[in-house]
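Novice: Can you look at this prediction? I've put the sequence above it.
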Amino acid sequence: MNNKVIAYIDQQSYHGLERYDANLLTSIKKIKPDLDITFYCSTRFKSKVASGIEVLPVFNYTEHKSKAIKVFSYLTSIVKIIIDIYNKKIKIVHIQWAKLPIIDLLFIFFIKFFLSIKIVYTEHNPVEHEKASIAHKYINKYINILSNNLVVHTKSSYENMKNMSGIDFRKVIIQPHGLMKLGVLTKNYNPRSEILEFLNRNIINFLFLGIGNHYKGLDILLEAWSSASKFNTSGCGLIVAGKINKEFKASIKDDYFRTPNQLIIDEILSDEEIEYIINASDIVILPHRFISQSGVLMVALAYEKLVICSPKAEFINAIEKASCGWIFNGTSSSMADILINIYSNPKVIMNKKKEYNKKILDDMYSWNDAALVLVQLYMSLEEA
């Protein structure tokens, strides 16, 4: 392979995607040490990656408040990347996200047809396109069509892609996701007092982590918690940690935000706060209505937390194979039944932990397996 043959681009390489990129790139380098990679990332990317990977933090659009300036900054970053990959004679570009789809589509079109570059595009959340605007769906469809290969994380996502019109499903490959530990918490970290007091006063802490919106089912959880609260005599607490969509929040009954023994932190949390809360929680709840792949699940299982999940294939697969939690049927009443059972008999947690099989999870969600899929893909594109 020629020098700098792979360009890996992630415009959103911060928070969860930062961990994803760092783990994946380092694993790729371990498998193929002679593979040179240029990583175009956000200026917020601070993680360490394996030596031999050139990290170029070119995206700083998140530092600007004005939408117009954000777009200009993003476009400037794309132009810098085009110049750099042309100078380095890069022939394979792997794109992780379409942050501003129209610009990203034009970028892919240009480098594919004017620079003869082969495109790999990762569809992290294909189900999100179901709620996208018509224009966004149209643009994303053509990003998928223009790409030489599409990468998804699960079998259900693969089936979704097969059913999309205009997509040659033969170019879709499944690359598993790996478990993710944040690894940012220090011994000197001091959590804010409201979080510390809330977590310390409860015997069992439940956690909803991440952006609160319709497809992640936060309203299902809040309704279940409210319904089950009268049975909560064992000192159980719910912490909702993450920014809640304003329109979605307005659609939820106000009473659900005032249920006893719950703490709502409606904001974007720091990585240190997230890791502290995860460590202090016993059960992570994922009540998703739709799901492609959950980064929160990967984090929860990395910390060996029990989970309560909706009946989606990705969740069912983990829970059935590794006995790492409970599945509710998708309704608030079903989730309430599980909560009441735990309230009434906290020993069920101890029993479930005895069944918990971390070895199976490590095998199911392996960064080495994920990297191997991509290395083989890169090799095949280089030889084609």
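Specialist: That came through fine. Numbers count the residues shown, from 1 in each chain.
Novice: which stretches of the protein form strands?
Specialist: 6-9, 37-42, 53-59, 92-95, 118-122, 149-152, 172-174, 204-209, 236-241, 262-265, 283-286, 306-309, 325-327 (DSSP state E).
Novice: how does this protein divide up, domain by domain?
Specialist: According to automatic domain parsing, the chain is divided into the following domains: 6-178+366-383, 193-364.
Novice: so where is the stretch 51-200 of the chain shaky, pLDDT-wise?
Specialist: For the stretch 51-200 of the chain, applying pLDDT under 70 flags the ranges 127-132, 165.
Novice: Let's see that with 80 instead.
Specialist: For the stretch 51-200 of the chain, applying pLDDT under 80 flags the ranges 125-137, 160, 162-166.
Novice: show me where it has helices.
Specialist: Along the stretch 51-200 of the chain, the stretches classed as helices by DSSP state H, counting those that start in this stretch are 67-87, 101-113, 134-146, 155-162, 193-201.
Novice: Which among these is found nearest to I265?
Specialist: Closest to I265 of the helices of the stretch 51-200 of the chain is helix 193-201 (C-beta to C-beta; 7.3 Å). Yep, even glycine has a C-beta here, placed from its N, CA and C like the rest.
Novice: count of residues packed around K347?
Specialist: Neighbours of K347 under the rule other C-beta atoms under 10 Å: 9.
Novice: I meant to write G183 there.
Specialist: That count, for G183 with other C-beta under 10 Å as the rule, works out to 11.
Novice: which residues sit in contact with it?
Specialist: By C-beta atoms under 8 Å, 6 or more residues apart in numbering, the residues touching G183 are E275.
Novice: same thing but 7 Å
Specialist: Counting by C-beta atoms under 7 Å, 6 or more residues apart in numbering, G183 touches no other residue.
Novice: Please tell me how far it sits from E272.
Specialist: 11 Å (C-beta to C-beta, to the nearest Å).
Novice: about what we covered before: could you redo the strands of the chain as TSV and give each row mean neighbour count?
Specialist: Below are the strands of the chain laid out as TSV (neighbours: other C-beta atoms under 10 Å):
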stretch	mean neighbour count
strand 6-9	24
strand 37-42	24
strand 53-59	19
strand 92-95	24
strand 118-122	21
strand 149-152	23
strand 172-174	17
strand 204-209	23
strand 236-241	23
strand 262-265	20
strand 283-286	26
strand 306-309	24
strand 325-327	21
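Novice: possible to save those strands as CSV with distance to M364?
Specialist: Formatted as CSV, those follow (distance: least, C-beta to C-beta, whole Å):
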stretch, distance to M364
strand 6-9, 24
strand 37-42, 26
strand 53-59, 26
strand 92-95, 23
strand 118-122, 19
strand 149-152, 16
strand 172-174, 13
strand 204-209, 21
strand 236-241, 26
strand 262-265, 30
strand 283-286, 16
strand 306-309, 14
strand 325-327, 14
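Novice: my guess is I28 contacts L374, does it?
Specialist: Yes. Contact status for I28 versus L374: in contact at 6.0 Å, counting by C-beta atoms under 7 Å.
Novice: Could you measure from the closest residue to L182 other than its chain neighbours over to Y365?
Specialist: Nearest-residue entry for L182: E275, 4.4 Å, with adjacent residues in sequence omitted and distances by C-beta to C-beta, 6 or more residues apart in numbering. E275 sits 18 Å away from Y365, going by C-beta to C-beta.
Novice: Same question for N125.
Specialist: On the measure of C-beta to C-beta, N125 and Y365 end up 17 Å apart.
Novice: neighbour count winner among those two?
Specialist: When N125 and Y365 are compared for neighbours, Y365 comes out ahead with 22 against 18, by other C-beta under 10 Å.
Novice: quick one: pLDDT of the more buried one?
Specialist: Per-residue pLDDT puts Y365 at 96.
Novice: what's it in contact with, if anything?
Specialist: P176, H177, G178, L179, M298, L301.
Novice: Closest one of the residues you listed to V348?
Specialist: L301 (18.9 Å).
Novice: what's around the nearest residue in space to S226 that is not next to it in sequence, how many residues?
Specialist: Nearest residue to S226, sequence neighbours excluded (C-beta to C-beta, 6+ apart): T259, at 4.5 Å. Neighbour count of T259, defined by other C-beta under 10 Å: 17.
Novice: And the pLDDT for T259?
Specialist: With respect to pLDDT, T259 has a value of 89.
Novice: what's stretch 193-200 in contact with?
Specialist: So stretch 193-200 is contacted by N205, G237, I239, L263, I277, A280 (C-beta under 7 Å, 6+ apart).
Novice: Mind putting those residues into CSV with distance to A98?
Specialist: Compiled in CSV, the contacts of stretch 193-200 are given as follows (distance: C-beta to C-beta, whole Å):
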residue, distance to A98
N205, 36
G237, 38
I239, 32
L263, 35
I277, 30
A280, 36
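Novice: close enough to count as contact, S229 and Y256?
Specialist: No. S229 is beyond contact range of Y256, at 10.3 Å (criterion: C-beta under 7 Å).
Novice: shared neighbours, I28 and L374?
Specialist: With C-beta under 7 Å, 6+ apart, I28 and L374 have no common neighbours.
Novice: Identify the residue spatially nearest to I268, adjacent ones excluded.
Specialist: Nearest non-adjacent residue to I268 (C-beta to C-beta, 6+ apart): K243, at 5.2 Å.
Novice: What's the separation between that neighbour and L218?
Specialist: Going from K243 to L218 by C-beta to C-beta gives 11 Å.
Novice: ditto for A241
Specialist: 11 Å.
Novice: N140 now?
Specialist: Distance from N140 to L218, by C-beta to C-beta: 25 Å.
Novice: Name the residue in the two with the higher neighbour count.
Specialist: Shown here are N140 and L218; by other C-beta under 10 Å, L218 has more neighbours (26 against 21).
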